[in-house]
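Asker: I'd like to go over a predicted model; first the sequence, then the structure.
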Amino acid sequence: MEASQTRRISWLALLGATTMAVISALMLWLVADHAYYEYYLFPRDEQPFYTYPEWRYTVFDLCALACAVVGILAAVLVARSAIRHEPISRRARLLSMSFVIIFAVLLAGALFIGPWLRSLGWQ
(Lines give C-alpha, C1' and ligand atoms only; values in the text may rest on other atoms or scores of the structure.)
Protein backbone atom coordinates (compact mmCIF):
# COMPACT_ATOMS: atom_id res chain seq x y z
CA MET A 1 0.00 0.00 0.00
CA GLU A 2 1.02 3.56 -0.55
CA ALA A 3 1.94 5.75 2.39
CA SER A 4 -0.91 8.19 1.69
CA GLN A 5 -3.44 5.37 1.54
CA THR A 6 -2.13 3.95 4.81
CA ARG A 7 -2.44 7.38 6.45
CA ARG A 8 -5.99 7.74 5.10
CA ILE A 9 -6.96 4.34 6.53
CA SER A 10 -5.34 5.24 9.84
CA TRP A 11 -7.26 8.51 10.06
CA LEU A 12 -10.50 6.75 9.14
CA ALA A 13 -9.83 4.08 11.77
CA LEU A 14 -9.07 6.77 14.36
CA LEU A 15 -12.31 8.55 13.49
CA GLY A 16 -14.27 5.33 13.92
CA ALA A 17 -12.48 4.53 17.18
CA THR A 18 -13.21 8.01 18.51
CA THR A 19 -16.88 7.72 17.58
CA MET A 20 -17.15 4.33 19.28
CA ALA A 21 -15.36 5.63 22.36
CA VAL A 22 -17.59 8.70 22.69
CA ILE A 23 -20.82 6.69 22.26
CA SER A 24 -19.59 4.01 24.67
CA ALA A 25 -18.44 6.51 27.30
CA LEU A 26 -21.77 8.33 27.11
CA MET A 27 -23.67 5.06 27.47
CA LEU A 28 -21.47 4.00 30.38
CA TRP A 29 -21.95 7.32 32.15
CA LEU A 30 -25.75 7.29 31.63
CA VAL A 31 -26.14 3.70 32.80
CA ALA A 32 -23.88 4.25 35.83
CA ASP A 33 -25.76 7.41 36.81
CA HIS A 34 -29.14 5.71 36.41
CA ALA A 35 -28.01 2.60 38.31
CA TYR A 36 -26.63 4.70 41.16
CA TYR A 37 -29.95 6.41 41.73
CA GLU A 38 -32.29 3.49 41.04
CA TYR A 39 -30.41 0.70 42.81
CA TYR A 40 -28.39 2.48 45.52
CA LEU A 41 -29.56 5.97 46.52
CA PHE A 42 -33.35 5.79 46.20
CA PRO A 43 -33.65 2.46 48.10
CA ARG A 44 -31.69 4.02 51.00
CA ASP A 45 -33.66 7.28 51.05
CA GLU A 46 -37.17 5.85 50.64
CA GLN A 47 -36.64 2.50 52.37
CA PRO A 48 -40.12 1.25 53.19
CA PHE A 49 -41.85 2.76 50.15
CA TYR A 50 -39.36 2.21 47.34
CA THR A 51 -39.97 -0.40 44.65
CA TYR A 52 -37.13 -1.45 42.38
CA PRO A 53 -37.48 -1.02 38.60
CA GLU A 54 -39.07 -3.81 36.58
CA TRP A 55 -36.86 -6.61 35.29
CA ARG A 56 -37.00 -5.39 31.70
CA TYR A 57 -35.31 -2.14 32.72
CA THR A 58 -32.68 -4.04 34.69
CA VAL A 59 -31.95 -6.29 31.71
CA PHE A 60 -31.74 -3.27 29.41
CA ASP A 61 -29.29 -1.57 31.78
CA LEU A 62 -27.11 -4.68 31.90
CA CYS A 63 -27.11 -4.99 28.09
CA ALA A 64 -26.27 -1.30 27.72
CA LEU A 65 -23.43 -1.72 30.21
CA ALA A 66 -22.08 -4.70 28.23
CA CYS A 67 -22.38 -2.73 24.99
CA ALA A 68 -20.47 0.20 26.48
CA VAL A 69 -17.65 -2.01 27.73
CA VAL A 70 -17.38 -3.81 24.37
CA GLY A 71 -17.35 -0.44 22.58
CA ILE A 72 -14.57 0.96 24.75
CA LEU A 73 -12.46 -2.18 24.27
CA ALA A 74 -13.02 -2.08 20.51
CA ALA A 75 -12.16 1.62 20.34
CA VAL A 76 -8.92 1.10 22.25
CA LEU A 77 -7.85 -1.80 20.01
CA VAL A 78 -8.73 0.02 16.77
CA ALA A 79 -6.99 3.21 17.91
CA ARG A 80 -3.89 1.25 18.90
CA SER A 81 -3.74 -0.37 15.47
CA ALA A 82 -4.28 2.97 13.73
CA ILE A 83 -1.62 4.77 15.74
CA ARG A 84 0.91 2.02 15.09
CA HIS A 85 -0.03 1.97 11.37
CA GLU A 86 -0.73 -1.76 11.59
CA PRO A 87 -3.65 -3.65 10.09
CA ILE A 88 -6.65 -3.78 12.39
CA SER A 89 -6.55 -7.04 14.33
CA ARG A 90 -9.19 -9.72 14.08
CA ARG A 91 -10.17 -9.17 17.73
CA ALA A 92 -10.68 -5.44 17.13
CA ARG A 93 -12.87 -6.14 14.09
CA LEU A 94 -14.96 -8.68 16.01
CA LEU A 95 -15.41 -6.34 18.96
CA SER A 96 -16.32 -3.46 16.63
CA MET A 97 -18.94 -5.54 14.85
CA SER A 98 -20.25 -6.82 18.20
CA PHE A 99 -20.60 -3.23 19.41
CA VAL A 100 -22.50 -2.19 16.29
CA ILE A 101 -24.84 -5.19 16.48
CA ILE A 102 -25.55 -4.86 20.22
CA PHE A 103 -26.07 -1.10 19.85
CA ALA A 104 -28.51 -1.64 16.94
CA VAL A 105 -30.44 -4.27 18.92
CA LEU A 106 -30.63 -1.94 21.94
CA LEU A 107 -31.88 0.92 19.80
CA ALA A 108 -34.43 -1.29 18.05
CA GLY A 109 -35.60 -2.67 21.38
CA ALA A 110 -35.94 0.74 22.98
CA LEU A 111 -37.55 2.52 20.04
CA PHE A 112 -39.71 -0.10 18.31
CA ILE A 113 -40.06 -3.43 20.09
CA GLY A 114 -40.80 -2.08 23.58
CA PRO A 115 -43.64 0.25 22.54
CA TRP A 116 -45.07 -2.42 20.24
CA LEU A 117 -45.15 -4.99 23.07
CA ARG A 118 -46.73 -2.44 25.41
CA SER A 119 -49.43 -1.73 22.81
CA LEU A 120 -50.24 -5.46 22.84
CA GLY A 121 -50.78 -5.29 26.58
CA TRP A 122 -47.46 -6.63 27.85
CA GLN A 123 -46.26 -4.91 30.97
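Answerer: Great, that's in hand. Quick caveat: nothing in here was measured; it's all calculated off a predicted structure.

Asker: so what touches the lowest-mean-pLDDT helix or strand in the chain?
Answerer: Averaged element by element with mean pLDDT, DSSP states H and E, the chain has its least confident helix or strand at helix 114-119 (a mean of 76). For helix 114-119, the surrounding residues in contact (C-beta atoms under 8 Å, 6 or more residues apart in numbering) are Arg56. To be clear about C-beta, it is placed using only N, CA and C from the backbone, and glycine gets the same treatment.

Asker: again with stretch 83-102
Answerer: 6, 10, 13-14, 16, 20, 24, 63, 66-67, 70-71, 73-74, 77-78, 81-82.

Asker: among those, name the ones in strands.
Answerer: Using DSSP state E, no member of the contacts of stretch 83-102 sits in strands.

Asker: that older thread, what residues sit buried inside the least confident helix or strand of the chain?
Answerer: Buried residues in helix 114-119, counted by 16 or more other C-beta atoms under 10 Å: none are found.

Asker: buried set for stretch 11-29?
Answerer: Residues Ala13, Leu14, Gly16, Ala17, Met20, Ala21, Ile23, Ser24, Met27, Leu28 are the ones in stretch 11-29 that count as buried (16+ other C-beta under 10 Å).

Asker: er, stretch 97-110 actually
Answerer: Ser98, Phe99, Ile102, Phe103, Leu106.
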